[in-house]
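Visitor: sequence first, then the predicted structure, then my questions.
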Amino acid sequence: MGFKGIDIYSGTLITDWNAIKNAGVEAVYIKATEGLTYVNTLTDTFYKAAKALGLKVGFYHFAARNIPAQEYQHFIDTISKYHQDLKPVLDYEVANPDMSFVAQFMALNANLLLYAAHNVADQSNLPKNKIWIAEPGANSNNTKGYAGLQHSWTGRIPGMTGDVDVDLFSSDVLIDSNNVVLTASAITQPVQQGDPSVRIIQLQLNTLLKKGLIVDSFNGPVTTAAIKEFQGIMGLAQDGIWGTKTAGAVGDIYSRPVDGVPYPHYEYATRYIQMRVGATIDGTFDNGTKVAVQNWQARHGLVADGVVGAVTWSKMLDENV
């Protein structure tokens, strides 16, 4: 069981909000943002109309391919002025998913839910109660343990024109007193123990630092120490909090930019490279860093050109070397 909902965007045509409520709709998810700059100009209009009728309201962000922390901040800055009844959602819809983007974005706020089809959701390592699954044609009477079930893309709702996304939501989408407060500064709060987002952070630290942390979803002293270690390498305040700057540094590294003396400057990526190759960690890719990279490449059977491109990045991040 659950309660009926719809999700809407700027192209949704609404003629009668009262008719929508009378059709049994209790919850409305509004597309608020996309990428780094887009804001739905109807967000405020939709929000006020739905709230005036006592409907539960929440927002979702449609992902592009940028640094996850920057997209997240754009989303939170946009929606933080609204009182929200439903947890914020990352809408990730791609044929060839970058699961590191999903992991980084979701790690920024313990309140986040993921909207996705099975090609993404099944790889996310998230529990069902943190997933709003897209499954058109599914039984509309049971969420199957998911936070939400989008069972139709071509539904018909009185008061709405054309095809409508129709959903069934469980109580897992509701914001209550036990949830992280959603504000523009939410990502500066410590990650809560036992939260699935801690598991994602632990996985990232294992990839980056080759630590072999126990992935148990608990933000204990060993995980906090690893966060501080990573922050120190990045030249950030070592407060043990997985905030915007820390997540942004991870995003810079995971973007795998071509890095070398004649290439554009990527401080966090360079710092990571310097740590891995044993160079002085200062965020500047100079000739000393180039020599250290060449030596590291030679030791690992790579072309020793002193440039960190796709092959070298793969060796650094994808292999436990």
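Guide: Structure's in. What do you need? Numbering: from 1, shown residues only.
Visitor: residues of stretch 86-97 that come out buried?
Guide: Using 16 or more other C-beta atoms under 10 Å as the test for burial, stretch 86-97 gives 86-92, 97. C-beta: built from backbone N, CA, C; applies to glycine.
Visitor: next step: the residues you listed restricted to strands.
Guide: 89-91 (DSSP state E).
Visitor: pick the one among those residues closest to residue 224.
Guide: Nearest to residue 224 among these, counting by C-beta to C-beta, is residue 90 at 25.2 Å.
Visitor: and the gap between the closest one and residue 29?
Guide: Here the criterion is C-beta to C-beta, to the nearest Å. By it, residue 90 lies 12 Å from residue 29.
Visitor: same deal with residue 129?
Guide: Using C-beta to C-beta, we find residue 129 at a distance of 17 Å from residue 29.
Visitor: circling back: can you add pLDDT and distance to residue 232 and give the buried residues of stretch 86-97 back as CSV?
Guide: As requested, the buried residues of stretch 86-97 are exported to CSV (pLDDT from 0 to 100; distance: C-beta to C-beta, whole Å):
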residue, pLDDT, distance to residue 232
86, 96, 38
87, 95, 33
88, 96, 31
89, 98, 34
90, 98, 29
91, 98, 35
92, 97, 31
97, 89, 32
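Visitor: which one of those is nearest residue 236?
Guide: For the buried residues of stretch 86-97, the closest approach to residue 236 (C-beta to C-beta) belongs to residue 90, at 24.1 Å.
Visitor: wait, that closest one sits on residue 108?
Guide: No: judged on C-beta atoms under 8 Å, residue 90 makes no contact with residue 108 at a distance of 9.4 Å.
Visitor: tell me which of the ones in strands among the buried residues of stretch 86-97 is nearest to residue 248?
Guide: Residue 248 lies nearest to residue 90 out of these, by C-beta to C-beta, at 16.5 Å.
Visitor: need the contact list for that closest one.
Guide: Applying C-beta atoms under 8 Å, 6 or more residues apart in numbering to residue 90 gives the contacts 60-61, 63, 102, 105-106, 112-115.
Visitor: then residue 164?
Guide: Applying C-beta under 8 Å, 6+ apart to residue 164 gives the contacts 6, 12, 152, 154-157.
Visitor: so which of these comes closest to residue 282?
Guide: Lowest distance from residue 282 to those (C-beta to C-beta) belongs to residue 12, with 50.8 Å.
Visitor: now do the strands in the stretch 1-150 of the chain.
Guide: Using DSSP state E, counting those that start in this stretch, the strands assigned to the stretch 1-150 of the chain run over residues 3-8, 13-14, 27-34, 38-39, 56-62, 89-91, 113-116, 131-134, 148-155.
Visitor: not counting sequence-adjacent ones, nearest residue to the spatially most central residue of the chain?
Guide: Centrality entry for the chain: nearest residue to the mean C-alpha point is residue 105, 1.8 Å, by C-alpha atoms, centre = their mean. Leaving aside its sequence neighbours, residue 105 sits nearest to residue 68 (C-beta to C-beta, 6 or more residues apart in numbering; 4.1 Å).
Visitor: list the contacts of that neighbour.
Guide: With C-beta under 8 Å, 6+ apart, residue 68 has these contacts: 101, 104-105, 108, 247, 251.
Visitor: name the member of those residues with the most neighbours.
Guide: Each of the contacts of residue 68 was scored for neighbours by other C-beta atoms under 10 Å, and residue 108 scores highest at 28 neighbours.
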